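>>> One predicted model, sequence on top.
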Amino acid sequence: MLDGLRGEDTIAELCRREGIAQSIYYKWSKEFLEAGKLRLAGDTTRAASTGEVQALRREARELKEVVAEQTLELRLLKKSMIADGGGDE
């Protein structure tokens, strides 16, 4: 993509070397330039990764819940050991 923008080789040569169709190159080029334009305008959301980001956020939330549950269990066990006099061992 960047080689094509630099203009050192023709698009035909670049596509032949990389084994892609020129139509694919131009599609990627258009998407690349559009993403750059949106980023410069302040849009940091990438539509291609929105689903992935949501899945990662969901996973992080679930992991935080597990950590919270384990922390609570640990605290309850410690309190029960102290109440039973088992903390002096």
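Sure, I can see it.
>>> lowest-confidence helix or strand of this protein?
One helix or strand of the chain scores below all others by mean pLDDT, DSSP states H and E: helix 2-6, with a mean of 79.
>>> Just the residues contacting that one, thanks.
Helix 2-6 is contacted by residues D9, I11, L14, Y25, S29 when judged by CB atoms under 8 Å, 6 or more residues apart in numbering. Just so you know, the C-beta spots here come from the backbone N, C-alpha and C atoms, and that holds for glycine as well.
>>> This protein: strands as residue ranges?
Counting by DSSP state E, the chain has no strands to list.
>>> the helices in it, which residues?
Listed in chain order, the helices of the chain (DSSP state H) span residues 2-6, 11-18, 22-40, 50-83.
>>> Kindly reformat those as CSV containing mean neighbour count.
Shown next, in CSV, are the helices of the chain (neighbours: other CB atoms under 10 Å):
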stretch, mean neighbour count
helix 2-6, 12
helix 11-18, 13
helix 22-40, 12
helix 50-83, 10
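>>> Out of those, point me to the one whose mean pLDDT is lowest.
Of all the helices of the chain, the minimum mean pLDDT falls on helix 2-6 (a mean of 79).
>>> Contacts only, for G7.
Here G7 is in contact with no residues (criterion: CB under 8 Å, 6+ apart).
>>> For A60, see how far away V53 is.
V53 sits 10 Å away from A60, going by CB to CB, to the nearest Å.
>>> same deal with Q70?
16 Å.
>>> Need phi/psi at I20.
phi -120, psi 160 (degrees, to the nearest 10).
>>> now it: how far from A55?
From I20 to A55 the distance is 29 Å (CB to CB).
>>> How about E18?
For E18, the distance to A55 equals 31 Å [CB to CB].
>>> repeat for L76
32 Å.
>>> about what we covered before: can I get the CA coordinates of the least confident helix or strand of the chain in CSV?
Coordinates of each C-alpha in helix 2-6 appear next as CSV, following Å, rounded to 0.1, in the frame of the first residue of the first chain:
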residue,chain,number,x,y,z
LEU,A,2,2.7,2.5,1.0
ASP,A,3,4.9,1.5,-1.9
GLY,A,4,2.1,2.4,-4.2
LEU,A,5,1.6,5.8,-2.6
ARG,A,6,5.3,6.5,-2.8
